[in-house]
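> Any chance you could fold what I've pasted below:
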Amino acid sequence: MSDYRRIADRIADDIATGRLRPGQRLPPQRAFARRRGVAPSTAGRVYGELVRRGLVVGEVGRGTFVRAAPALGRAGQTLTEAAPGAANVNLELNYPSAPGQPELLAPVLAPLLRPDVLAEALLPAAATGTAAAREAAAALLTTPGWRPAPERLLFTGNARQAIAAVLASLVRPGGRVGVEQLTYPLVKEIAARLGITLVPLAGDAAGLLPEAVAAAHRTAPLSALYVQPTLHNPTSLTTGRPRLLHLAQLVHDLDLPVVEDRIWSFLREPGDPLAVHAPALTHVVDGLSKRVAPGLTVGFLVVPSHRVAAVAGAVRSGGWSAGRFALEAAVRWAGEGTVARLVKAKRADAARRQRILAEELAGFTVRSDPGAYFAWWELPARWRADTFTAAAAAHGIAVTPGPDFAVAPGHTPDAVRLGLASAPEPDLRRALRTLARVAARRAGERTGP
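Take a look at the predicted model:
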């Protein structure tokens, strides 16, 4: 094993045993090199290895800090004062479930269990799905100004696989993809696996800045753009029509393909996607995991007509095809109105949870949408994201630190994302109340129950 990895292993042991605690600052790399008797370049590789393992985070101008340990536990347990690292209320998970959801879903699945129907449903599914699935998905995704053509529909096992398939079809290894400065964390993982470089792009209160896209493209051509214009994760921002029109004109002028992620769009009254304004360039990603349930889901792709074959090929080669059983279930859930009923129930549920958020975190800087299932909490100045995450974990509450969403290394916002969907409402209220007490104190102070 390389010397730098052995040193990294020893530091990892110190973190695991608690000799180095969450939020503790490591010495500057040159000081570390002197103490260990190694070259500065070796120290740099040690720190890089620790970042790669997710054990530390480096912040420009501030240093390198031990990250909070991943919090494990089950959502829905009663909130108590817990041992450090125990997560009794998990606000990282964000899987909405409407009251009575199993009772709504079960009757639609029953016919699929008949032997003759089940035999058909267990056959392999192509990326193009079935004619019935294409029609059902087109109806489900329709907005006032847009109805996708069924022949442009493709299917994957989930929305993450849909993103991976589109990027694999558009971008060669080493290519550059523009993304918002804060983005869906799994896009970073997908890019790393595909050998793609993500380029962070600035935005403002109206959404992604078109001039930031143009400037990045001038520096070195972008192969594609990944955006979340509706209920952006983690900030909940929705881009308005004027900015969408500006972006559509820009990508048209640059001939720049777009991946438009609309996975949370069902929580808002239907708004037209960017695809309405740039149909020849935009690949729309959506799915059932949030609308219905994460355990039996389907990813939807609406792609430009001239790219159906290329994206379908990427779905096949990646092994990302949807299961036929899930497709058949989706057709029935959509056709019999089950999805529509679940969407209505989840919108009401999200609105209730947002009211709880507003009541318990009043006075703090929290960015969210009144209908969203998550919120972006910009912490008081005395807190860093990782130390606050560690303090929350010590009270049995798991939150997602802002650096998980940051694309540019070292530019880590002192914020956390709160997932509001998974915890029962009483536990959510108690957890938020506890977090408010934690935030009101200085880092390192003990917080009572």
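
> And residue 372, how far from residue 380?
22 Å (Cβ to Cβ, to the nearest Å). Using the backbone N, CA and C atoms, a C-beta is placed for each residue, glycine as well.

> ok, now residue 260?
35 Å.

> Surely residue 342 is in contact with residue 104?
Yes - in this structure, residue 342 is within contact of residue 104 by Cβ atoms under 8 Å, at 6.5 Å.

> Mind checking which of the two has more residues around it?
residue 342 (24 against 19; other Cβ atoms under 10 Å).

> Look at that one and report its pLDDT.
Here, the pLDDT recorded for residue 342 equals 95.

> rewinding a little: can you list residues touching both of residue 342 and residue 104?
Taking Cβ atoms under 8 Å, 6 or more residues apart in numbering as the contact rule, the neighbours common to residue 342 and residue 104 are residue 98.

> ok, residue 372 and residue 380, which is more surrounded?
residue 372 (27 against 15).

> wait, that one sits on residue 264?
Yes - with contact defined as Cβ under 8 Å, residue 372 and residue 264 form a contacting pair (7.1 Å).

> Residues in contact with both of the two, list them for me.
Counting by Cβ under 8 Å, 6+ apart, the residues touching both residue 372 and residue 264 are residue 231.

> correct me, but residue 177 touches residue 200?
No - applying Cβ under 8 Å, one finds residue 177 not in contact with residue 200, separated by 10.6 Å.

> Looking at those two, which has the bigger crowd around it?
residue 177 (22 against 18).

> In three-state terms, label that one for me.
Using DSSP: H, G, I helix; E, B strand; the rest coil, the structure places residue 177 in strand.

> so what pLDDT did it get?
At residue 177, pLDDT is 98.

> mind checking how far it is from residue 284?
16 Å.

> what's the answer for residue 153, then?
Distance from residue 153 to residue 284, by Cβ to Cβ: 10 Å.

> ditto for residue 175
With Cβ to Cβ as the criterion, residue 175 and residue 284 are 21 Å apart.

> How about residue 260?
Counting by Cβ to Cβ, the gap from residue 260 to residue 284 is 5 Å.

> Now list whatever residues contact both of those two.
Both residue 260 and residue 284 are contacted by 273, 275, under the criterion Cβ under 8 Å, 6+ apart.

> that older thread, any residues in contact with both of residue 153 and residue 284?
300-302.

> quick one: which of those residues has the most company?
Highest count within those by other Cβ under 10 Å belongs to residue 301, 31 neighbours.

> now the strands: where do they sit in the stretch 101-250 of the chain?
153-156, 176-180, 197-201, 203-204, 207-208, 224-227 (DSSP state E, counting those that start in this stretch).

> Give me the contact list for the fourth one.
Contact partners of strand 203-204, identified using Cβ under 8 Å, 6+ apart, comprise 180-181, 209, 212, 237.

> Let me have those in TSV, extended by distance to residue 160 and pLDDT.
TSV is the format used below for these (distance: Cβ to Cβ, whole Å; pLDDT from 0 to 100):
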residue	distance to residue 160	pLDDT
180	17	97
181	21	95
209	26	97
212	25	98
237	21	96
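
> Next, give me the two most distant ones among those residues.
Comparing all pairs in these by Cβ to Cβ, the longest separation belongs to 212 and 237, at 14.9 Å.

> who has more neighbours, those two?
When neighbours are counted by other Cβ under 10 Å, residue 212 and residue 237 differ, and residue 237 comes out ahead with 25 against 18.

> Quick check: the residue lying closest to the more buried one once chain neighbours are set aside vs residue 39, distance?
Computed as Cβ to Cβ, 6 or more residues apart in numbering, the closest residue to residue 237 that is not its neighbour in sequence is residue 207, at 6.3 Å. If you measure residue 207 against residue 39 using Cβ to Cβ, the figure is 46 Å.

> So between these two, which is more surrounded?
A count of neighbours by other Cβ under 10 Å puts residue 207 above the other of residue 207 and residue 39, at 22 against 12.

> is it true that that one touches residue 236?
No - when contacts are counted by Cβ under 8 Å, residue 207 is not listed as touching residue 236 (11.9 Å).

> partners of the helix-or-strand element of the chain with minimal mean pLDDT, with directions?
When each helix and strand of the chain is scored by mean pLDDT, DSSP states H and E, strand 56-59 comes last, with a mean of 73. Sheet pairing of strand 56-59 (DSSP bridges) gives strand 63-66 (antiparallel).

> Quick one: neighbours of residue 333, just the number.
Counted with other Cβ under 10 Å, residue 333 comes out at 26.

> Kindly state the pLDDT recorded for it?
91.

> That one is in contact with residue 296, isn't it?
No - contact criterion Cβ under 8 Å: residue 333 and residue 296 do not qualify, at 9.5 Å.

> which residue is nearest the centroid of this structure?
residue 184 (3.5 Å; Cα atoms, centre = their mean).

> Quick one: residues contacting that one.
228, 233, 261, 405 are the contacts of residue 184 under Cβ under 8 Å, 6+ apart.

> Which of these are buried? Put it as a PyMOL command.
This is how PyMOL selects the buried members of the contacts of residue 184, with burial counted by 16 or more other Cβ atoms under 10 Å:
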select buried, resi 228+233+261+405
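
> among the contacts of residue 184, which two are most distant?
Farthest pair in the contacts of residue 184, by Cβ to Cβ: 261 and 405, 13.6 Å.

> so what's residue 281 scoring on pLDDT?
Reported pLDDT for residue 281: 98.

> Near it, how many other residues are there?
So residue 281, with other Cβ under 10 Å, has 21 neighbours.
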